[in-house]
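Student: Below is the sequence, then the predicted model.
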Amino acid sequence: MKKILTPSAIALFAFALTACGGNSQNDTAKNAENKDHANHQVELLNVSYDVARDFYKDYNPIFVKHYQSINPDVKVNIKQSHGGSSKQALSVKNGLEADIVTMNQSSDIELLADSQLVDSQWRQNFPNNAIPFTSTIVFVVREGNPKGIKDWADLVNKDVQIIIANPKTTGNGRYAFLGAYGYGLHTFNQDKQKTHEFITNLLANVKVFENGGRAATTTFAQRQLGDVLITFENEANIIKEKFQGTQIVYPSYTVNAENPIAVVDTIASKKGTTDIAKSYLNHLYSDEGQELAVKYFLRPSNPDILDKYKDRFPQIQTFFPNDVFGDWKSIMQTYFKEGGVYDKLAVSATGEVVSK
């Protein structure tokens, strides 16, 4: 006999089915929410200078492991962007959404601070004026040093061909120019005319002005162009390890290169990544961050770790750009603006301003 449901029974059955289905949907949503929380993903973009790519490639997994040991529910993905330091800063200014900038020249971060993307007090936000490590400018020559290059003065010899990153667009190139200029002032007792003659002769020997420090490395080490590459100490050591037939020459007097860092506050705030971005940069000052810097021949800011590896870093006479040339705003205005000192000396040397 066929069972017939009364209207009241149908209503009761429908209510029970709806209630049961409603609980199931709520549980599913709740489980999904818990799953998302347990697998919360954060993505950071570190916009950095050209030759720092190897260091940060190794640093990123170290930081991720450290951060997830404290925050196991957070999955961190870090992306890198590398190029000439000043070009990178301009990219961020023009819309590249970096959470972090790790540059090789303070003026590049000042540019972002002036654009209100970075806190105007960025130097006070991290230890050692936001400088976790430094480098210096040295020379890389062919094995056996066939041109007998021992100091800056040897770079003006007629038969020497120089490879350098472009001072108009890269921190690497600017430090190289300032290193040579500082050597000139130091050697010629602050005589600017003699210094300008020296720099003009040096620039006349430049075979290639590359658009970044790593591009300059490729030109010198892989394409085998030039007799000497002027570059950072850390990059020089990487070249020595990776490419046979090269050696490093330390000049008698050269420039210290700072590597400043900052959170891009407006972007990090919008993306909700401010805290993790700060953690990322703070961990550069940890023992494992400083030890990794040593591995890549960056001079750590921790004096104990620097002393521990003093045999790795030859003691040389150096100067800081700000002590010789003033603050970076003045340096950029005097030496690297359109029609500045570099442009005038480059025109004297080559007949044109080399600007990529």
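Tutor: Now that the structure is in, tell me what you want to look at.
Student: can you map out the strands along the stretch 1-150 of the chain?
Tutor: 40-49, 74-83, 100-102, 133-142 (DSSP state E, counting those that start in this stretch).
Student: Kindly report the same for the stretch 251-356 of the chain.
Tutor: With DSSP E, counting those that start in this stretch applied, the stretch 251-356 of the chain shows strands at 253-258, 261-263, 299-300, 317-319, listed in chain order.
Student: buried sites along the second one?
Tutor: Spelled out, that is strand 261-263. Neighbour-count burial for strand 261-263 flags 261-263 (criterion: 16 or more other C-beta atoms under 10 Å). For the C-beta atoms, the positions are set from N, CA and C on the backbone; glycine is no exception.
Student: do stretch 254-268 as well
Tutor: 254-265, 267-268.
Student: Count the neighbours of residue 338 for me.
Tutor: With neighbours defined by other C-beta atoms under 10 Å, the count for residue 338 comes to 8.
Student: try residue 335
Tutor: 20.
Student: okay but residue 137 is in contact with residue 230, surely?
Tutor: Yes - using C-beta atoms under 8 Å, residue 137 is in contact with residue 230, at 6.4 Å.
Student: what's the overlap in contacts for those two?
Tutor: Contact criterion C-beta atoms under 8 Å, 6 or more residues apart in numbering; residues shared by residue 137 and residue 230: 176, 179.
Student: quick one, which of the two is more surrounded?
Tutor: residue 230 (30 against 26).
Student: mind checking pLDDT for the more buried one?
Tutor: At residue 230, the pLDDT value in this model is 98.
Student: who does it bridge with?
Tutor: In this entry, residue 230 is beta-bridged to residue 139, by DSSP bridges.
Student: residues in contact with it?
Tutor: Contact analysis of residue 230 by C-beta under 8 Å, 6+ apart lists 137-139, 155, 162-164, 176, 179-180.
Student: Looking at those residues, point me to the pair that's furthest apart.
Tutor: The largest separation in those, counting by C-beta to C-beta, is between 163 and 179 at 14.9 Å.
Student: So residue 253 versus residue 43, what's the distance?
Tutor: As judged by C-beta to C-beta, to the nearest Å, residue 253 and residue 43 stand 44 Å apart.
Student: can you list the weak-confidence ranges in this protein?
Tutor: Applying pLDDT under 70 to the chain flags the ranges 1-39, 352-356.
Student: for the closest residue in space to residue 57 that isn't next to it in sequence, what are its contacts?
Tutor: Of all residues not flanking residue 57 in the chain, residue 80 sits nearest, at 7.0 Å (C-beta to C-beta, 6 or more residues apart in numbering). With contact set as C-beta under 8 Å, 6+ apart, residue 80 has these partners: 45-46, 48, 53, 56-57, 60.
Student: Please pick the buried ones from these.
Tutor: Those of the contacts of residue 80 that meet the buried threshold are 45-46, 48, 56, 60, by 16+ other C-beta under 10 Å.
Student: how about the residues you listed in a markdown table, adding distance to residue 200?
Tutor: Listed next are those as a markdown table, based on distance: C-beta to C-beta, whole Å:
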| residue | distance to residue 200 |
| --- | --- |
| 45 | 41 |
| 46 | 38 |
| 48 | 33 |
| 56 | 37 |
| 60 | 43 |
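Student: ok, so of the residues you listed, who is nearest residue 282?
Tutor: Nearest to residue 282 among the buried ones among the contacts of residue 80, counting by C-beta to C-beta, is residue 46 at 13.9 Å.
Student: ok, that closest one to residue 92 distance?
Tutor: In terms of C-beta to C-beta, residue 46 sits 11 Å off from residue 92.
Student: which neighbours do those two share?
Tutor: When contacts are counted by C-beta under 8 Å, 6+ apart, residue 46 and residue 92 are jointly contacted by 98, 101.
Student: Do I have it right that residue 346 meets residue 203?
Tutor: Yes - contact status for residue 346 versus residue 203: in contact at 5.6 Å, counting by C-beta under 8 Å.
Student: Spit out the residues that contact those two alike.
Tutor: Between them, residue 346 and residue 203 share no contacting residue, judged by C-beta under 8 Å, 6+ apart.
Student: quick revisit: using JSON lines, lay out the buried residues of stretch 254-268 together with distance to residue 337.
Tutor: Formatted as JSON lines, the buried residues of stretch 254-268 follow (distance: C-beta to C-beta, whole Å):
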{"residue": "254", "distance to residue 337": "24"}
{"residue": "255", "distance to residue 337": "20"}
{"residue": "256", "distance to residue 337": "23"}
{"residue": "257", "distance to residue 337": "21"}
{"residue": "258", "distance to residue 337": "21"}
{"residue": "259", "distance to residue 337": "24"}
{"residue": "260", "distance to residue 337": "21"}
{"residue": "261", "distance to residue 337": "25"}
{"residue": "262", "distance to residue 337": "23"}
{"residue": "263", "distance to residue 337": "28"}
{"residue": "264", "distance to residue 337": "25"}
{"residue": "265", "distance to residue 337": "27"}
{"residue": "267", "distance to residue 337": "28"}
{"residue": "268", "distance to residue 337": "31"}
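Student: Alright, calling it a day.
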